[in-house]
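1. Model the structure of this input:
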Amino acid sequence: MGSVRFRLVTFNIAHGRGLTPLQGLTPRRRLQMNLVKIAALLHKLKPDVVALQEIDQCSCWAGNFDELEYLRRHARFPHAVFGINTRREGVFNLSYGNALLSRHPIVRSENVVFGQKSVGEKGFLFAEINVGGRTIPLVNLHLHYRSRNLRLKQLDRLVPWLHQHHRAHGVRWRMPPLVCGDFNTPSHAGDATAVLLRHMHDFANYVMHPQVDGTFPSPWPQRTLDFVFLPPACDHVQCEVVDTMLSDHRPVMVDFTLH
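-> Residues are numbered from 1 along each chain as shown. Below is the predicted model of the structure:
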């Protein structure tokens, strides 16, 4: 099986609200207009897979519609999967988390929720993606936004899970997982970002992207919260933090060769 070129985008879309600072103040029509703009951006970037964070399935504060299906149709992706981390019924209904859009079949997925909070819960979505007959494992991760201690506890859930599943399925994967998402860390060198990178070296010699450019806040990025970790099977890497203000985060795009 020969090498193939692959493009991955990770993007925290902030529930579709754009740069509006408070959730729940954006009318449904404006949310949908912003999602159409995000879909147009994705269509222009032409990624194979998009990892999304803070995307709503049906939430009162985000217009009570399925944002993933709306994006999938407008950006013309054939495959999608949701990983719901916060789910609450009643008058103030919430259902949101992480998701994937893919040009390639998603043959298996599993969502792991870190806790049981009714608002703001985080987790990770794992998927196996069939790219031309090879299985590409991918983790879409969202860590706690405020507490370093909680972020490290969340990694204590992720890392053993990865070891267990790598032992069980590693032969089928042919490579350790791609890991991406919103890590909510204040720098490249410290906190959960550095800790996870050390853990990923148990599997292979991972490289973190981006290495310099900031992703948050999108108008004047001061920090890098959004990352992609790539194993050695991914080389000739080109990374770009996309200059756009469709969310308070800028998307990260990596283009690489899969061996």
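2. ok but residue 30 is inside a helix, no?
-> Yes: counting by DSSP: H, G, I helix; E, B strand; the rest coil, residue 30 is found in a helix.
3. Near it, how many residues? Count them for me, please.
-> Neighbourhood size, residue 30 [other C-beta atoms under 10 Å]: 15. For the C-beta atoms, the positions are set from N, CA and C on the backbone; glycine is no exception.
4. Who are the contact partners of it?
-> residue 18 (C-beta atoms under 8 Å, 6 or more residues apart in numbering).
5. Try it again at 10 Å.
-> Residue 30 is in contact with 16-18, 20, 63, counting by C-beta atoms under 10 Å, 6 or more residues apart in numbering.
6. and what of residue 122?
-> By C-beta under 10 Å, 6+ apart, the contact list for residue 122 reads 53, 85-86, 97-98, 113-115, 141-145, 150-151, 154, 181-182, 184.
7. Show only the entries of these found in strands.
-> 53, 85-86, 97-98, 113, 141-142, 181-182 (DSSP state E).
8. between those, which has the most around it?
-> residue 53 (30 neighbours).
9. Now do the strands for the chain: every range, in order, please.
-> Using DSSP E, strands in the chain cover 4-12, 49-56, 79-88, 94-102, 106-113, 123-131, 134-142, 178-182, 207-209, 226-230, 234-241, 252-258.
10. Next one, pLDDT for residue 188 please.
-> At residue 188, the model reports a pLDDT of 65.
11. To clarify, my last question referred to residue 117.
-> Per the predicted model, pLDDT is 89 at residue 117.
12. Please give me every residue in contact with the nearest residue to it once chain neighbours are set aside.
-> Spatial nearest neighbour of residue 117, chain neighbours left out: residue 86 (7.0 Å); criterion: C-beta to C-beta, 6 or more residues apart in numbering. Contacts of residue 86 were listed using C-beta under 10 Å, 6+ apart, and they are 54, 56-57, 59, 94-97, 113, 115-123.
13. Repeat that for residue 80.
-> 50, 52, 66, 68-69, 71-73, 99-102, 106.
14. Produce a PyMOL select command limited to the buried residues of those residues.
-> Here is the PyMOL command that selects the buried residues among those (16 or more other C-beta atoms under 10 Å):
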select buried, resi 50+52+66+68+71+72+99+100+101+102+106
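15. Using a markdown table, lay out the contacts of residue 80 together with distance to residue 24.
-> Formatted as a markdown table, the contacts of residue 80 follow (distance: C-beta to C-beta, whole Å):
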| residue | distance to residue 24 |
| --- | --- |
| 50 | 25 |
| 52 | 20 |
| 66 | 18 |
| 68 | 19 |
| 69 | 21 |
| 71 | 20 |
| 72 | 24 |
| 73 | 25 |
| 99 | 20 |
| 100 | 26 |
| 101 | 25 |
| 102 | 30 |
| 106 | 31 |
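16. Residue 36: which of the contacts of residue 80 is nearest?
-> residue 71 (8.9 Å; C-beta to C-beta).
17. ok, now which ones touch that closest one?
-> 13, 16, 35-36, 38-39, 42, 50, 52, 55, 77, 80, 99, 101 are the contacts of residue 71 under C-beta under 10 Å, 6+ apart.
18. Distance to residue 203 for those residues - can I get that in CSV?
-> Output for the contacts of residue 71, formatted as CSV (distance: C-beta to C-beta, whole Å):
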residue, distance to residue 203
13, 29
16, 34
35, 35
36, 39
38, 32
39, 34
42, 29
50, 24
52, 25
55, 28
77, 28
80, 27
99, 25
101, 26
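19. which one among those residues gets closest to residue 24?
-> The closest of these, once distances to residue 24 are taken by C-beta to C-beta, is residue 16, at 11.8 Å.
20. wait, that closest one sits on residue 27?
-> No: the pair residue 16 and residue 27 does not pass the contact test of C-beta atoms under 10 Å, sitting 11.2 Å apart.
21. Alright, I will stop here.
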